[in-house]
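**Q** my questions concern the predicted model and sequence given below.
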Protein chains: 2
Amino acid sequence: MRPNKRDELVRKALDVFYRNGFHATGMDMLVVETGVSKTSMYKHFRTKEDLILAALRLRDENFRNFLYRRIEEIADTPVGRLLALYDVLAEWFSKKEFRGCMFIKASAEYQEKEHPIHVQSAEHKRLLLEHFTKIARAAGAREPETLANQLMLLKEGAIVTAVMGLGNDPAQKAKLAAEVLIAQGVG
Amino acid sequence: MRPNKRDELVRKALDVFYRNGFHATGMDMLVVETGVSKTSMYKHFRTKEDLILAALRLRDENFRNFLYRRIEEIADTPVGRLLALYDVLAEWFSKKEFRGCMFIKASAEYQEKEHPIHVQSAEHKRLLLEHFTKIARAAGAREPETLANQLMLLKEGAIVTAVMGLGNDPAQKAKLAAEVLIAQGVG
DNA sequence: GTGTATATGTACCGATCTGTACATCTTGTC
DNA sequence: GACAAGATGTACAGATCGGTACATATACAC
């Protein structure tokens, strides 16, 4: 029961859940995909729900790391970073493995507001909102919370629209809208 | 096999799918909820997928009727109607049965872009986009498609945010943002 | 009444679901 | 080598999945 074995299971499970959905992915499938035995799987994770939660935790870590890092690489002013969000979104959308936001999908399959999976999905979004609120404040926004909230609306909308295959380049349209909102809300 | 019997089944199934999700709702549960026998159910709908598609068609009809009608009741100028979208959203969010957008959830559970359920969900969004593009054009927008697209991004974002229980009054924040975008994009 | 066509209820199919019992294999210690 | 402890594989339990076979009930012809 080396710890990295567990991490590897989570990593692989994350992939399968992301591609295939949560209810649609059975433990049998995960056992086949990971090559581990069912007993071992249940040694590491008491239930399927535990495994999903672990996968979501990893996804949260990976995604926020990716997003924050790329934003910092692209721009070094607060306003620039608010806008860079949409450049990174465009990068993400164009990846061949892009399948939408894992947390939107998780909360869609586990709808009860008190459900641990729903709660954890919301927490991911809350962390993002917090992060962009800080940047909006650094940018000198009159109402950083409101501006960050609105930029997040554009982000979530762009993701959903990209998944549905609607509109041309939703990330770019979101960026154009963000430019207007930022110009209006800063200074 | 009266036609209204079938309609009633679709109506009830729509409720259950909306509350409970698609994979998580079994045909057995639907048979119990509707009171009809399994044989009759499968006389009306060849497969579960057919039933889901019928439910989505009804949802599309109901939702767009509700949305368009309320918008026309609230405002009678194009710009007013673009903004009224967010008032209706706020109404929807405050309903106790609000559980997010059925089409976002459907496309989250049936991810393959060619899957009939995914295709039909995207079609709903496409119809909305078309509708608001027309209104944006009537409002005198310089780029009606772009403006409608952006207003839709705010709408989808607001829905997702409301489902997650994040931010205060996402519909109102979306409306404020919409006002800025419209002011900037019209005339 | 009899015959026929359709609607329904029940009981079931094989597959798959999450989760477990239990026997075997591997590993470290002496 | 012997032995204990933990990891693993297999086989299965009990429930539920989507879907169907089949026997009965009901309706309308005549």
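**A** Sure thing, it's come through. Numbers count the residues shown, from 1 in each chain, chains lettered A, B, ... in the order given.

**Q** got the residues of chain A near DNA strand C?
**A** Neighbours of DNA strand C within chain A, by CB under 7 Å from any atom of the strand: A:25, A:26, A:27, A:28, A:29, A:38, A:39, A:42, A:46, A:47, A:48, A:49. C-beta coordinates here come from the backbone N, C-alpha and C atoms, glycine included.

**Q** just the helices in chain A please.
**A** Using DSSP state H, the helices of chain A run over A:3-20, A:27-34, A:38-44, A:48-74, A:78-94, A:102-109, A:116-138, A:144-164, A:170-185.

**Q** redo the ones you listed as a markdown table? Include distance to chain B.
**A** As requested, the helices of chain A are exported to a markdown table (distance: least, CB to the nearest CB, whole Å):
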| stretch | distance to chain B |
| --- | --- |
| helix A:3-20 | 8 |
| helix A:27-34 | 14 |
| helix A:38-44 | 21 |
| helix A:48-74 | 13 |
| helix A:78-94 | 11 |
| helix A:102-109 | 4 |
| helix A:116-138 | 4 |
| helix A:144-164 | 3 |
| helix A:170-185 | 4 |
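
**Q** how many residues are close by residue A:100?
**A** The tally of other residues near residue A:100 (other CB atoms under 10 Å in any protein chain shown) stands at 20.

**Q** you'd agree it is up against residue B:111?
**A** Yes: assessed by CB atoms under 8 Å, residue A:100 is found in contact with residue B:111 at 7.5 Å.

**Q** ok, back up a step: most neighbours, which of the residues of chain A next to DNA strand C?
**A** In terms of neighbours by other CB under 10 Å, the residues of chain A next to DNA strand C top out with residue A:25 at 20 neighbours.

**Q** pLDDT score assigned to the spatially most distant residue from the centre of chain A?
**A** The centre of chain A is farthest from one residue, residue A:39, which by CA atoms, centre = their mean lies 30.7 Å away. Reported pLDDT at residue A:39 in the predicted model: 90.

**Q** how close does it get to residue A:15?
**A** Here residue A:39 is placed at a distance of 22 Å from residue A:15 (CB to CB, to the nearest Å).

**Q** contacting residues around the closest residue in space to residue A:133 that isn't next to it in sequence?
**A** Nearest non-adjacent residue to residue A:133, counting by CB to CB, 6 or more residues apart in numbering or on different chains: residue A:148, 4.0 Å away. Neighbouring residues of residue A:148 by CB atoms under 8 Å, 6 or more residues apart in numbering or on different chains: A:129, A:132, A:133, A:135, A:136, A:141.

**Q** what subset of those is buried?
**A** When these are checked for burial by 16 or more other CB atoms under 10 Å in any protein chain shown, the buried set is A:129, A:132, A:133, A:135, A:136, A:141.

**Q** between those residues, which sits nearest residue A:158?
**A** residue A:132 (14.1 Å; CB to CB).

**Q** so that closest one is in contact with residue A:86, correct?
**A** No: the criterion here is CB under 8 Å, and residue A:132 misses it with residue A:86 at 11.7 Å.

**Q** ok, back up a step: would you turn the buried ones among the contacts of residue A:148 into CSV with pLDDT?
**A** Converted to CSV, the buried ones among the contacts of residue A:148 look like this (pLDDT from 0 to 100):
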residue, pLDDT
A:129, 97
A:132, 98
A:133, 98
A:135, 98
A:136, 98
A:141, 97
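
**Q** the residue nearest to residue A:70 when sequence neighbours are not counted and residue A:155, how far apart?
**A** Closest residue in space to residue A:70, ignoring its immediate chain neighbours: residue A:88 at 4.5 Å, by CB to CB, 6+ apart. Relative to residue A:155, residue A:88 is positioned 10 Å away (CB to CB).

**Q** what's the answer for residue A:181, then?
**A** From residue A:181 to residue A:155 the distance is 12 Å (CB to CB).

**Q** who touches residue A:6 in this structure?
**A** By CB under 8 Å, 6+ apart, the neighbours of residue A:6 are residue A:44.

**Q** er, residue A:112 actually
**A** Here residue A:112 is in contact with residue A:118 (CB under 8 Å, 6+ apart).

**Q** list the contacts of residue A:64.
**A** Contacts of residue A:64 (CB under 8 Å, 6+ apart): A:124, A:127, A:128, A:131.

**Q** redo the residues you listed as CSV? Include pLDDT.
**A** Listed next are the contacts of residue A:64 as CSV, based on pLDDT from 0 to 100:
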residue, pLDDT
A:124, 98
A:127, 98
A:128, 98
A:131, 98
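
**Q** mind giving me the PyMOL command for buried ones among these?
**A** Buried members of the contacts of residue A:64 can be picked out in PyMOL with the line below, counting by 16+ other CB under 10 Å:
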select buried, chain A and resi 124+128+131
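
**Q** so what's the closest residue to DNA strand C within chain A scoring on pLDDT?
**A** Distance from DNA strand C to each residue of chain A (CB to the nearest atom of the strand) is smallest for residue A:26, at 2.8 Å. Turning to residue A:26, the model gives it a pLDDT of 93.

**Q** residue B:141 versus that one, what's the distance?
**A** From residue A:26 to residue B:141 the distance is 49 Å (CB to CB).
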